[in-house]
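> quick one, fold the following:
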Amino acid sequence: MMFNKSVNLIKRFDYFLLLLIVFLVVAGFFAVYSAVYDPTNGTVQQHPYKQLTIFAASMILYIGVSFIGYRNIVRLAPILYVLGCISLLLVLFFGNMEMGARRWISIGPFTGQPSEFFKVLWVITIAWVFSDLKDERLGFVKLGVRILWLIPPFLLVYKEPDLGTALTYAAAWGMVTFFLGIKRIIIALVVIGVLVSAPFVWQHLVKPYQKQRVISFFAPDKDPSGMGYQALQSRIAVGSGGISGKGYLKGTQSHLRFMPERHTDFIFSVINEEFGFAGGVSLVLVFMILILRIISISLELKEPQGKVLCIAAASFLLFQFYINTSMTIGMSPIVGVPLPFVSYGGSSLIAYVTMMGLVNSVYICRNDSPIN
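Numbers count the residues shown, from 1 in each chain. Take a look at the predicted model:
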């Protein structure tokens, strides 16, 4: 009986969703391989192989959450949220200090980034928080109560400091509220509030290095060997790729070590340099298809939890994809945000594969699957 049930669930997987994920991970493998390849002696670091191993392990979570069912998981949202916030708090006290930030924590031989794992818990929390809403626009009270859930994780991650990841939490929450509908007066007041508070935020809350990143975004040539270095080198890499690119393993900006963080934050630059405009656009199209696929699943649903969960997952993907790719071509300030599925990083890969497992569970359960 259990075997037949499992086989039935496997048949109902969204294999198109899985195909898109596998494509992006494989593309990331080759891009990371090139980024850490040393043409002088033909050697390559272990990063791409570690990435594939982590992806294989994360598929266990993908299948696991698909079988458990998203409704059963969303019921545990308050507990998962508290545990997630505790993990973010522990990072501030016991996390590893690297490059002036505490973002990673070690448990035995394993090192992880709780702020990345919390993205999955935040999607689950958003689905739970907004699951009781009717077809009506959100007013002050409903928004005010629900935004309280955002404040602890946002502040804890901001304190690490990791403004980029903190903004992904806020973006996911904000996009979901726009999707559900907000009263126009609230939108107007938010815009006015942002404009009025901007000088205070810039003066007292934005850290000096963050200010330099914004300034270098508008004028990277003023500090070409300092804060503007990454932006300039990334633009050179993207521009030098032309239409068809320089060829695989032939990117000079990455192989000559001009471009920092080439296997993580600037992996999109590596792809554009070696595969050109055609390669960059192809990757963008795959991401857009993946995001549209998730949105299309949400549109099939009347049940609010699954609908909101899919929109939250799509929002995470869209915002992080936009921030990462736009900063590499000079359309936004540089923020330490990896490209989902493609950049090297075990915590990010595990988080997004698990998140897609939740989406797959929604697809399986869209017609009230018996797994719940």
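> sheet partners, orientation included, of the top strand by length along the chain?
Taking DSSP state E as the criterion, the chain has its longest strand at strand 101-107. Strand 101-107 has the following sheet partners, assigned by DSSP bridges: strand 96-98 (antiparallel), strand 110-112 (antiparallel).
> how far out from the middle of the chain is the first one?
Distance of strand 96-98 from the chain centroid (CA atoms, centre = their mean, to the nearest Å) equals 21 Å.
> do the last one as well
The chain centroid and the centroid of strand 110-112 are separated by 18 Å, computed with CA atoms, centre = their mean.
> low-confidence stretches in the stretch 151-300 of the chain?
By pLDDT under 70, the low-scoring segments of the stretch 151-300 of the chain are 216-217, 219, 221-227.
> so what touches the longest strand of the chain?
87, 90-92, 94-96, 98, 111-115, 160-162 (CB atoms under 8 Å, 6 or more residues apart in numbering). For every residue, glycine as well, the C-beta is placed using N, CA and C.
> list only buried entries from those.
Buried members of the contacts of strand 101-107, counted by 16 or more other CB atoms under 10 Å: Ser87, Val91, Gly95, Gly112, Gln113, Pro114, Ser115, Glu160, Pro161, Asp162.
> just give the closest residue to the fifth one, not the sequence neighbours.
What sits nearest to Gln113 in space, not counting adjacent residues and going by CB to CB, 6 or more residues apart in numbering, is Ser347, at 3.8 Å.
> ok, that neighbour touching Lys119?
No - Ser347 sits out of contact with Lys119 when judged by CB atoms under 8 Å, with a separation of 9.5 Å.
> which one of these two has more residues nearby?
Lys119 (26 against 19; other CB atoms under 10 Å).
> helix or strand: which one has that one?
With elements taken from DSSP states H and E, the one containing Lys119 is helix 114-129.
> residues contacting Leu76?
Ile124 are the contacts of Leu76 under CB under 8 Å, 6+ apart.
> and Ile151, how close does it get to Phe218?
Separation of Ile151 from Phe218 (CB to CB, to the nearest Å): 30 Å.
> Met355 and Lys119 touch, don't they?
Yes - under the criterion of CB under 8 Å, Met355 makes contact with Lys119 at 6.7 Å.
> nearest residue to Gln163 other than its sequence neighbours?
Rather than Gln, residue 163 is Leu. Closest residue in space to Leu163, ignoring its immediate chain neighbours: Gln210 at 6.3 Å, by CB to CB, 6+ apart.
> what's the following helix or strand after the helix or strand encompassing the one you found?
Per DSSP H and E, Gln210 falls inside helix 208-218. Reading on from helix 208-218 to the C-terminus, the next helix or strand found by DSSP H and E is helix 229-240.
> buried residues in that following helix?
Those would be Tyr229, Gln230, Ala231, Leu232, Gln233, Ser234, Arg235, Ile236, Ala237, Val238, Ser240, for helix 229-240 by 16+ other CB under 10 Å.
> quick one: contacts for the second one?
With contacts defined as CB under 8 Å, 6+ apart, Gln230 is in contact with Met259, Pro260, Glu261, Phe266, Ile334.
> Gly276 versus that one, what's the distance?
Gln230 is 21 Å from Gly276, by CB to CB.
> circling back: got the buried ones among the contacts of strand 101-107 as CSV, with distance to Gly28 columns?
Compiled in CSV, the buried ones among the contacts of strand 101-107 are given as follows (distance: CB to CB, whole Å):
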residue, distance to Gly28
Ser87, 26
Val91, 25
Gly95, 26
Gly112, 19
Gln113, 17
Pro114, 22
Ser115, 20
Glu160, 25
Pro161, 26
Asp162, 21
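> most widely separated two among the residues you listed?
Distance extremes for those: the farthest pair is Gly112 and Pro161 at 18.3 Å, using CB to CB.
> for the protein, longest helix please?
Longest helix in the chain, counting residues (DSSP state H): helix 267-299.
> following it, which helix or strand comes up?
Towards the C-terminus, the helix or strand next in line after helix 267-299, according to DSSP H and E, is helix 304-328.
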